[in-house]
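Student: following is a predicted model, sequence given first.
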Amino acid sequence: MIYIVLGMHKSGTTLLAKTLHRSGIRMVEQESGESYYEGNKFERKETSLLIQTAFGQNEASYLLPSLGADLLEELKSDFNKLMCKKEETGVDWGFKDPRFTLLYQKIFDDPSAVPHKLICIYREIGQVVGHYLRYQYNFLHKVGIMPKVLSSWCVYNETLCSILENGSVDSLLLKFEEIRHDSEYFKMNRVLDSHHLVDCRTEVTRKFQGTPPISSMVFDWIENFFLIIYKIRIQQICDRLEALRYGTKMPDVFR
């Protein structure tokens, strides 16, 4: 079985990949001894290289990478070859790369063709925005990156909703802020089959502390301005995510 972790950057995908790997699903071929904060992101080299080749070397690809149409068929072919090769081993395996969230529907245009499961995660927009802004020390850079991050959060999570609302694949949706609680974290047992879930949360406790508030009153005003612009779109996405998480039906107008 293939286990695919989907979700935007800085939303907890590494924690899910690490948990799956420690629980017996081969998410990477060889685990390094380093922690997340030392650069270990639990990303499979084969899949990351395929995606990186498609998106290019631009560091800004963590936001909204674009994929050339001429590369799409080649990428689909390469992924199919990789999956066939791994299937021959008979070992449960998987991969995570946040950018694959935007590629999933293009690569798996027929989800039933390749048996797989999806473990998805989302994080509140304020926490994601805060993460990116805390590493921008120039005021103008902060102002410039904010609409990009807001737009990216919307696109990633709208895509996640679209994938899950299709309902054709065994899937699970988790909320990052809630996985500190056993009732949320151990939902992963639903998709693990015979594997025993290993709790890896204590190794990423710093992530649960949240992002410290930005002290500048002027910047707070600018932040609120951008959030107002995106307010309706953000609320609709949050409603869709919560409906999917709790298994309730959303009105067709949101689909």
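Tutor: Thanks, I have it.

Student: what's the neighbour count on G7?
Tutor: 25 (other CB atoms under 10 Å). All C-beta spots, glycine's among them, are computed from the backbone N, C-alpha and C.

Student: which non-adjacent residue is nearest it?
Tutor: I121 (4.2 Å; CB to CB, 6 or more residues apart in numbering).

Student: next: L82.
Tutor: Going by CB to CB, 6+ apart, L82 has E46 as its nearest residue, at 5.7 Å.

Student: and for I125?
Tutor: W153 (5.1 Å).

Student: sec struct for that neighbour, please.
Tutor: helix (DSSP: H, G, I helix; E, B strand; the rest coil).

Student: then the one 5 residues further on?
Tutor: Counting by three-state DSSP, the backbone at E158 sits in helix.

Student: buried residues in stretch 71-81?
Tutor: In terms of neighbour count (16 or more other CB atoms under 10 Å), stretch 71-81 has its buried residues at L75, D78, F79.

Student: contacts only, for the closest residue to the last one other than its chain neighbours.
Tutor: Of all residues not flanking F79 in the chain, I107 sits nearest, at 5.3 Å (CB to CB, 6+ apart). By CB atoms under 8 Å, 6 or more residues apart in numbering, the residues touching I107 are L75, K76, F79, F100.

Student: for the first one, which three-state class applies?
Tutor: Applying three-state DSSP to L75 yields a three-state assignment of helix.

Student: if I look at it, how far off is I232?
Tutor: 34 Å (CB to CB, to the nearest Å).

Student: now swap in L102 and tell me
Tutor: For L102 relative to I232 (CB to CB), the value is 22 Å.

Student: you'd agree C120 is in a strand?
Tutor: Yes. With three-state DSSP as the criterion, C120 is assigned to a strand.

Student: so for it, what's the pLDDT?
Tutor: Looking at C120, its pLDDT is 96.

Student: next one: the one 5 residues further on
Tutor: Here the pLDDT value assigned to I125 is 88.

Student: what's the spacing between it and Y132?
Tutor: 11 Å.

Student: ditto for G94
Tutor: Distance from G94 to Y132, by CB to CB: 27 Å.

Student: quick one, which of these two is more surrounded?
Tutor: G94 (24 against 20).

Student: now the element after the helix or strand containing the more buried one, going C-ward?
Tutor: Using DSSP states H and E, G94 sits within strand 93-96. Of the helices and strands lying after strand 93-96 in sequence (DSSP H and E), the nearest is helix 100-107.

Student: quick one: the strands in the protein?
Tutor: Using DSSP state E, the strands of the chain run over residues 2-6, 93-96, 116-122, 171-175.

Student: make JSON lines out of the ones you listed and add distance to V198.
Tutor: Formatted as JSON lines, the strands of the chain follow (distance: least, CB to CB, whole Å):
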{"stretch": "strand 2-6", "distance to V198": "14"}
{"stretch": "strand 93-96", "distance to V198": "15"}
{"stretch": "strand 116-122", "distance to V198": "14"}
{"stretch": "strand 171-175", "distance to V198": "16"}
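
Student: burial count for the nearest residue to D78 once chain neighbours are set aside?
Tutor: Nearest non-adjacent residue to D78, counting by CB to CB, 6+ apart: L50, 5.2 Å away. Neighbourhood size, L50 [other CB under 10 Å]: 22.

Student: can you check E29 too?
Tutor: Around E29 there are 9 residues (other CB under 10 Å).

Student: quick check: it vs R44, distance?
Tutor: Applying CB to CB to E29 and R44 gives a distance of 7 Å.

Student: also V28?
Tutor: 5 Å.

Student: one more: R245?
Tutor: R245 is 26 Å from R44, by CB to CB.

Student: so the two - more neighbours on which side?
Tutor: R44 (21 against 18).

Student: now for that one: which residues touch it?
Tutor: M27, V28, E29, G94, F95, K96, D97.

Student: how close does it get to I229?
Tutor: Per CB to CB, R44 is found 37 Å from I229.
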